[in-house]
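Enquirer: Fold the stuff below for me.
(one chain, ligands or ions: 2)
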Amino acid sequence: RRLALAQERHLPARTLDEHDIILRANVATQAEARTVLTAGADGVGLLRTELPFLNRAAWPTRNQHAAALVPVLRALAGQTVTARTLDFADDKLPPFLAKGLEGERLGRGLPLMLAQPDAFADQFRSLLSAGADTDLRIMIPMVASVDELRACRALLDAAAVELGVGAPPLGIMVELPEAVAAADELAREAAFFSIGSNDLTSQILGIDRRDPAATPAMAAHPAVLNAIAEVVTAAHRHHRQVSVCGDAAAHPLVTPLLIGLGVDILSAAPSALDEVRARIRRLRYDACSSLAAIALTRESPEEVWQLVQQTCMPSL
Ligand code: PEP
Ligand code: MG
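Expert: Ligands and ions are numbered 1, 2, ... in the order given. Now for the predicted structure:
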């Protein structure tokens, strides 16, 4: 079956009624980056950059960033690459951030990065240099407010001026309820949105993302779907594309809902792309839209899963 699905790699991710979805890959390593073209992806929708530094004892230097980024970005020359800046969260925390000398919490995520502007600026400089041969976009994780986005833009613009290059499009991940609430204001200033369904689902439902109950299928919870619907509406009002780059993008019970809600781009592990594409090619967009509209009015994920199974789950 895997082989049969791979035969469709050169075909567009287009529904039966001719609605196109852009398919991108989530990558972190050079080995994964090398598979992007053969997987038939339209570039990278999420380059995770923190993984090489999770066991480090100090902030990465510019050289260390370059050593991590250059091999990956070289393998992606000519392609669209959406590079996410360092995302040191509770589940991805290097020792030097896990505990201060007194055992105190040093902070997390974007506030932590903005409190270390020199370390943050080093990553912007490194991305601009290492990504010069790609169609680079930069994406900020865990954004909660427009002020944070503006602070990031100031650092990026300063790095670009310093290096004598143009600043690439700057977008945000929508994965906090605060970002959903500020979606309209954020859409005015962000070049694009990418919904981090892993974090957004656990945040909205109040479950730790390491809890086994926090599965990708839980993104079908009506509370999460309503948040995604709001985000898509705000983005499209400002002519911004919306991607979903969490694991829900590739989940058969969620993909049709995301399509029906108007998501433009799905980004998934390279190994999942054959199946996602094959599913899209067997779905109707009008059926996904009707499904999503009904799902928004339901009470529980179980009801939504059942609806998806009944109406938008083609056999492969
Ligand atoms: C997400 O939160 O959905 C996401 C894509 O990012 P990560 O899993 O790296 O937090
Ligand atoms: Mg996340």
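Enquirer: Confirm for me that F53 is in contact with Q64.
Expert: Yes. Counting by CB atoms under 8 Å, Q64 is a contact partner of F53 at 7.5 Å. Where C-beta positions appear, they are placed from N, C-alpha and C, glycine not excepted.
Enquirer: ok, these two, which is more surrounded?
Expert: Remark: of F53 and Q64, F53 carries more neighbours, 20 against 16, as counted by other CB atoms under 10 Å.
Enquirer: Which pLDDT value goes with the more buried one?
Expert: What the model reports as pLDDT for F53 is 94.
Enquirer: Quick check: closest non-adjacent residue to it.
Expert: Closest residue to F53 apart from its sequence neighbours, by CB to CB, 6 or more residues apart in numbering: P60 at 5.1 Å.
Enquirer: show me the contacts for that neighbour.
Expert: P60 makes contacts with 52-53, 68, 86, 119, 122-123, as judged by CB atoms under 8 Å, 6 or more residues apart in numbering.
Enquirer: Helices - which of those land there?
Expert: 68, 119, 122-123 (DSSP state H).
Enquirer: Mind picking the two most distant members of those residues?
Expert: Checking the ones in helices among the contacts of P60 against each other with CB to CB, the farthest-apart pair comes out as A68 and A119, at 14.2 Å.
Enquirer: Export the ones in helices among the contacts of P60 as TSV, with columns for distance to ligand 1.
Expert: Rendered in TSV, the data for the ones in helices among the contacts of P60 read as follows (distance: CB to the nearest ligand atom, whole Å):
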residue	distance to ligand 1
A68	16
A119	19
D122	21
Q123	16
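Enquirer: ok, those residues vs L291, which is closest?
Expert: The shortest gap between L291 and any of the ones in helices among the contacts of P60 belongs to Q123, at 40.2 Å (CB to CB).
Enquirer: How confident was the prediction at the closest one?
Expert: According to the model's per-residue confidence, Q123 sits at a pLDDT of 97.
Enquirer: next one: phi and psi at D20?
Expert: With angles defined as degrees, to the nearest 10, D20 shows backbone torsions of phi -90, psi 140.
Enquirer: OK, contacts around it?
Expert: The contact partners of D20, taken as CB under 8 Å, 6+ apart, are 12-14.
Enquirer: redo that, cut-off 6 Å
Expert: D20 makes contacts with R14, as judged by CB atoms under 6 Å, 6 or more residues apart in numbering.
Enquirer: Please report how far it lies from ligand 1.
Expert: 22 Å (CB to the nearest ligand atom, to the nearest Å).
Enquirer: Pairing partners for that residue in the sheet, please.
Expert: On the basis of DSSP bridges, D20 is bridged to R14.
Enquirer: and the stretch 201-316 of the chain, which of its residues are near ligand 1?
Expert: Applying CB under 6 Å from any ligand atom, we find that the stretch 201-316 of the chain lies next to ligand 1 at 245-246.
Enquirer: and after the helix-or-strand element of the chain with minimal mean pLDDT, which helix or strand comes next?
Expert: Every helix and strand in the chain was compared by mean pLDDT, DSSP states H and E; the lowest is helix 95-98, with a mean of 78. Under the assignment DSSP states H and E, the closest C-terminal helix or strand after helix 95-98 is helix 109-114.
Enquirer: that older thread, and A68 and A119? Which one has more around it.
Expert: In this comparison of A68 against A119, neighbours counted by other CB under 10 Å, the higher total goes to A68 at 21 against 17.
Enquirer: do you know how far the closest residue to that one other than its chain neighbours is from Q123?
Expert: In space, not counting the residues next to it along the chain, A68 is nearest to P52; the distance is 4.2 Å by CB to CB, 6+ apart. Taking CB to CB, to the nearest Å as the criterion, P52 is separated from Q123 by 12 Å.
Enquirer: Quick check, A13 in contact with I21.
Expert: Yes. Shown here, A13 and I21 form a contact pair, counting by CB atoms under 6 Å, at 4.5 Å.
Enquirer: Quick check: neighbours shared by these two?
Expert: Looking at what touches both A13 and I21 (by CB under 6 Å, 6+ apart), the common residues are I280.
Enquirer: how many other residues sit next to D91?
Expert: Counted with other CB under 10 Å, the burial measure for D91 works out to 12 neighbours.
Enquirer: which element is H65 on?
Expert: Counting by DSSP H and E, the secondary-structure element that holds H65 is helix 62-74.
Enquirer: I'd like to know which elements that helix is packed against.
Expert: Contacts defined by 3 or more CB pairs under 6 Å, 6 or more residues apart in numbering; DSSP states H and E place helix 62-74 against helix 30-38, helix 117-130.
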